[in-house]
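Engineer: coordinates only, sequence not included:
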């Protein structure tokens, strides 16, 4: 068995289940552009929380009640009380987001299906900087670190957002927003450790005046490997990172931000490398050496309410030296946005963007190559959106489109229509249609990969050779959504969203010819030619429910339930070798999260959370035969504010069983996530 709920943990599980539906803090956060109230968020009623502004849905501050999208906000306080020590772990707090840990330093994250290690259908943004890699069409989560104390909020859009954000925001957007430097004056030092979080330390200092503020930070950690039944323990993780942020206002109209980060990591991993020289395949356990940095500058000029311009530019450098390949990449990006209120009932937004990403791929093993090994990926975008108020303060419509072009594609459109009805100030009904695309990347167009399949019936080694496909096109989505949110009185809040998505031209792994016998001086083997093509289509349907209830002033309950049905199949002309059932079975059909938080006497807090994730039949390993089964687990976090300067906290994570599997992805047996605990001391001055 992969997991077992032991008798000594049953009482804890029942206790968590009886108390849970939410955390003690609200799910909505104040926008960093300006406070909505002088009260702390935890003192707001749930109806007031809907007035808080969010920015991801339209790149401008908009109240939650007036957002025609399935948006969820994970606040700073949510993160601090959850015990999460990384951005992926914090994302478990959002409904409809699939977070599965592969090993100590890798995650699979998806929204409304299509969860993979690199989250290829989700656009990830950190303070306006896109961290989506054009090499393997996704996000390397192990290098997306920041000081958790500095995160203001994480805004999660479930559903397509290509009209505003462009390609690859197909199934959702994850927007990590850190605090302004004006909000981090003074010093902070925190340190702690445990059995998995073996040791970590964070420091930050900020200062300034009303017009100019800055902060600098540094962080480092050492995390142990997860549970390996074969004892290989290859996935230990060490990292260090430092950065800064400057904010200043030169006058009443102009504001500037400059920020940057540097990081260096050693992330243990295991990779399989195929070779046409015996023994045909070797498993390499070694550290991936990861380093890089970025710098971003942003200028905003405000002319009046709903009338402003914003210019942003950033440079990002990544260095990846993995056991089976290497990459050096430089990315330059510039973005222009303008908003203008045309009469009282029209809000116009438009913008232009350009990105150049120069990558140089290093051949480490002969079975994995890119041809050419140097390429500059280009992206050019333009967008226009008009929000029209049909009935003042009651009914509005958003119409817009994104126009994009890459070095792999011609011009493509991403249109969207969104309708918003607010029958009362604390009630919203919305509907949307969106067309979105995921553009081709280097891995589909320029990638050559050899995979060892085993021994054929005649005793010869059997290989598949994936060849580059210069004709690989964009994956396409047509999505329909319907949502409802309401505050019932001051203590109950509910958010419901349903969706139907139709996909075509999805990635498939296809046989392109008959197997042949290849004779070399080193060995004779069978070779099956293959290629990545656009051979799959299908649909997904689902619903996400996220209620909250505050029965008393010191107790908040929150819960979520997500249902997902996926149905993918190959087209009539496709020779797909079985990709569809693997994708279908790699996202959970059911997810349940129940959370409960208490503000206790003596400035103490207690947070309990329970989660259930259904099985992933598409995630299997063969040696030994294993499948990722459904699991339930729970976390407990306790904190005590000893004084105005000192806080101590402790967290117990994944408490129901000694270890459990969440996702496959490494050669060999499933890596299983361990039960763990850590303590932390935080000093502010």
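Structural biologist: Noted; the coordinates are in hand. Fair warning: this is a prediction, and the values are worked out from it, not measured in the lab.

Engineer: What distance do you get for residue 213 to residue 318?
Structural biologist: Residue 213 sits at a distance of 29 Å from residue 318 (criterion: C-beta to C-beta, to the nearest Å). C-beta coordinates here come from the backbone N, C-alpha and C atoms, glycine included.

Engineer: Could you do residue 156 as well?
Structural biologist: For residue 156 relative to residue 318 (C-beta to C-beta), the value is 24 Å.

Engineer: likewise residue 152?
Structural biologist: 25 Å.

Engineer: can you count the residues close to residue 592?
Structural biologist: Residue 592 is flanked by 17 other residues according to other C-beta atoms under 10 Å.

Engineer: Any buried residues in the longest strand along the chain, and which?
Structural biologist: Longest among the strand segments of the chain by residue count, using DSSP state E, is strand 524-552. For strand 524-552, the neighbour count (16 or more other C-beta atoms under 10 Å) marks 525-528, 530-538, 540-542, 544-550 as buried.

Engineer: So which other helices or strands are in contact with that strand?
Structural biologist: With contacts defined as 3 or more C-beta pairs under 8 Å, 6 or more residues apart in numbering; DSSP states H and E, strand 524-552 has these neighbours: strand 461-467, strand 492-511, strand 516-519, strand 555-570, helix 579-584.

Engineer: Kindly calculate the angle that it makes with strand 461-467.
Structural biologist: 70 degrees (axes from the mean of the first three to the mean of the last three C-alpha atoms, to 10 degrees).

Engineer: Which neighbours in the sheet does strand 524-552 have, and how are they oriented?
Structural biologist: strand 461-467 (parallel), strand 492-511 (antiparallel), strand 516-519 (antiparallel), strand 555-570 (antiparallel) (DSSP bridges).

Engineer: Same question for stretch 176-188: list its buried residues.
Structural biologist: Applying 16+ other C-beta under 10 Å to stretch 176-188 flags 176-182, 184, 188 as buried.

Engineer: just checking, which of these belong to strands?
Structural biologist: Per DSSP E, the subset of the buried residues of stretch 176-188 in strands is 176-178, 188.

Engineer: Relative to the centre of this structure, find the outermost residue for me.
Structural biologist: When distances are taken from the C-alpha mean of the chain, residue 521 lies farthest, 47.3 Å away, according to C-alpha atoms, centre = their mean.

Engineer: that's a strand at it, yeah?
Structural biologist: No. Using DSSP: H, G, I helix; E, B strand; the rest coil, the assignment for residue 521 is coil, not a strand.

Engineer: separation between it and residue 278?
Structural biologist: According to C-beta to C-beta, residue 521 stands 12 Å off from residue 278.

Engineer: tell me which residues in stretch 358-370 are buried?
Structural biologist: Neighbour-count burial for stretch 358-370 [16+ other C-beta under 10 Å]: 359, 361, 364-365, 367-370.

Engineer: Tabulate the residues you listed (a markdown table), appending secondary structure, distance to residue 258 and pLDDT.
Structural biologist: Below are these laid out as a markdown table (DSSP: H, G, I helix; E, B strand; the rest coil; distance: C-beta to C-beta, whole Å; pLDDT from 0 to 100):
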| residue | secondary structure | distance to residue 258 | pLDDT |
| --- | --- | --- | --- |
| 359 | strand | 26 | 96 |
| 361 | strand | 31 | 95 |
| 364 | coil | 36 | 92 |
| 365 | coil | 40 | 89 |
| 367 | coil | 43 | 85 |
| 368 | strand | 38 | 90 |
| 369 | strand | 39 | 92 |
| 370 | strand | 34 | 93 |
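
Engineer: Between which two of those is the distance greatest?
Structural biologist: 359 and 367 (19.6 Å; C-beta to C-beta).

Engineer: With pLDDT as new columns, can the ones in strands among the buried residues of stretch 176-188 be given to me in CSV?
Structural biologist: What follows is those, written out as CSV (pLDDT from 0 to 100):
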residue, pLDDT
176, 96
177, 95
178, 97
188, 98
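
Engineer: Low-confidence regions, the protein specifically.
Structural biologist: 1-52, 56, 58 (pLDDT under 70).

Engineer: Let me see the ranges of the helices in it.
Structural biologist: Taking DSSP state H, the helices of the chain run over residues 7-19, 46-49, 76-82, 87-90, 162-165, 442-445, 579-584.

Engineer: Can you tell me the closest non-neighbouring residue to residue 642?
Structural biologist: Distance criterion C-beta to C-beta, 6 or more residues apart in numbering; nearest residue to residue 642, sequence neighbours excluded, is residue 648 at 6.3 Å.

Engineer: Apologies, that question was intended for residue 271.
Structural biologist: residue 324 (4.5 Å).

Engineer: ok, now which ones touch that neighbour?
Structural biologist: Going by C-beta atoms under 8 Å, 6 or more residues apart in numbering, residue 324 touches 271, 273, 284, 364-365, 368.

Engineer: got it, and residue 308?
Structural biologist: When contacts are counted by C-beta under 8 Å, 6+ apart, residue 308 touches 300-302, 338-339.

Engineer: okay, those residues in a markdown table with distance to residue 86 next?
Structural biologist: Shown next, in a markdown table, are the contacts of residue 308 (distance: C-beta to C-beta, whole Å):
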| residue | distance to residue 86 |
| --- | --- |
| 300 | 30 |
| 301 | 36 |
| 302 | 35 |
| 338 | 36 |
| 339 | 34 |
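
Engineer: closest to residue 654 among those residues?
Structural biologist: Distances from residue 654 to the contacts of residue 308, taken by C-beta to C-beta, are shortest for residue 300, at 42.6 Å.

Engineer: right, and the strands paired with strand 524-552 - which one's nearest residue 166?
Structural biologist: strand 492-511 (17.9 Å).

Engineer: and that closest one, how far out from the chain's middle?
Structural biologist: 16 Å (C-alpha atoms, centre = their mean, to the nearest Å).

Engineer: So for it, what gets flagged as buried?
Structural biologist: 492-493, 495-499, 501, 503, 505-510.

Engineer: can you count the residues close to residue 516?
Structural biologist: 10.

Engineer: Kindly apply the preceding question to residue 390 instead.
Structural biologist: Residue 390, neighbours per other C-beta under 10 Å, totals 12.

Engineer: going forward, begin numbering at 834 instead of 1
Structural biologist: Renumbered: residue one is now 834, and that last one reads residue 1223.

Engineer: so it touches residue 1230, yeah?
Structural biologist: Yes. At 6.3 Å, residue 1223 counts as touching residue 1230 under the criterion of C-beta atoms under 8 Å.

Engineer: For residue 1004, give me its contacts.
Structural biologist: By C-beta under 8 Å, 6+ apart, residue 1004 lies in contact with 943-947, 954-955, 991-993, 1310, 1334.

Engineer: Can you give me the distance of it to residue 928?
Structural biologist: 14 Å.

Engineer: What of residue 1056?
Structural biologist: Residue 1056 is 27 Å from residue 928, by C-beta to C-beta.

Engineer: any residues touching stretch 965-972, and which ones?
Structural biologist: Taking C-beta under 8 Å, 6+ apart as the rule, stretch 965-972 contacts 942, 949-953, 955-957, 964, 973, 1001, 1151, 1160, 1162, 1190, 1192, 1194, 1210, 1271, 1273-1277.
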